[in-house]
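Novice: build the 3D model from these lines:
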Amino acid sequence: MSLKGLFVTGTDTEIGKTITSTILTLGLNGSYWKPIQSGLEEETDSEFISKFIDKDRVLPEAYSLNKPLSPHLSAKIDNIKIDFDSIKLPSKIKGPLIVEGAGGIHVPLNDKYFIVDIIKKFDLPTVVTAKSGLGTINHTLLTLEALRKRDISVLGVVMVGTKNFPNKEAIEKYGETSVLMEVEPIDKFTIENFKAIYDNSELAKKLLY
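Specialist: Below is the predicted model:
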């Protein structure tokens, strides 16, 4: 299966998108880009992933906003207006491009546009990152439904946390999708551990064909 890139979104914020993106970028030997970063007071997602991936494969954000808030609010505090039309996929990349969104798909960028509009604009197969525990069925099904209503191609779901087979089974059945990868709690963040998760995933098998 030929792949030019993936968009990694999530059912919520702090759901595991950056860990998922790290695993995918390493597994696919690709490049990473987070178009909009909110929160510069602590380690950013790009700074985290740069620990494991060559820095020339981590592309600069289109917008870097100071406060760890929704982009529309963080931009307002910074006296910046996010120009949706100016956000374009980078042209010079190495390998498949892994694009990480901010928060969930209905996080607003400005008065008109949301994260889901960026996903639609970029037209990349989308991976939904979801937690494995309580509440995930509802949140994941709602996210899948909203993406499909906009004719966005959903490659599948990544579940983060202790494995939960009933939740996995329900998401696959009712969401009519596949759980491509299960990311259990990681004792130590290393390149080897991240690559092992990818290599043992359904996504790795899927992309072989």
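Novice: report how many residues lie close to the nearest residue to Lys131 once chain neighbours are set aside.
Specialist: Counting by C-beta to C-beta, 6 or more residues apart in numbering, the nearest residue to Lys131 once its immediate chain neighbours are dropped is Gly161, at 5.2 Å. In this view, the C-beta of every residue, glycine as well, is placed from N, C-alpha and C. If you count neighbours by other C-beta atoms under 10 Å, Gly161 ends up with 17.
Novice: repeat that for the one 5 residues further on.
Specialist: Per other C-beta under 10 Å, the neighbour tally for Pro166 reads 8.
Novice: what confidence value was assigned to it?
Specialist: You'll see Pro166 listed with a pLDDT of 98.
Novice: these two touch, right, Asp56 and Ile93?
Specialist: No. Asp56 is beyond contact range of Ile93, at 10.0 Å (criterion: C-beta atoms under 8 Å).
Novice: for the lowest-mean-pLDDT helix or strand in the chain, packing partners?
Specialist: Lowest on mean pLDDT, DSSP states H and E among the helices and strands of the chain sits helix 202-206, with a mean of 89. Applying 3 or more C-beta pairs under 8 Å, 6 or more residues apart in numbering; DSSP states H and E, we find helix 202-206 packed against helix 17-27, strand 154-160, strand 179-183.
Novice: what is the shortest one packed up against?
Specialist: Based on contacts counted as 3+ C-beta pairs under 8 Å, 6+ apart, the elements that strand 179-183 packs against are helix 17-27, strand 154-160, helix 165-174, helix 191-199, helix 202-206.
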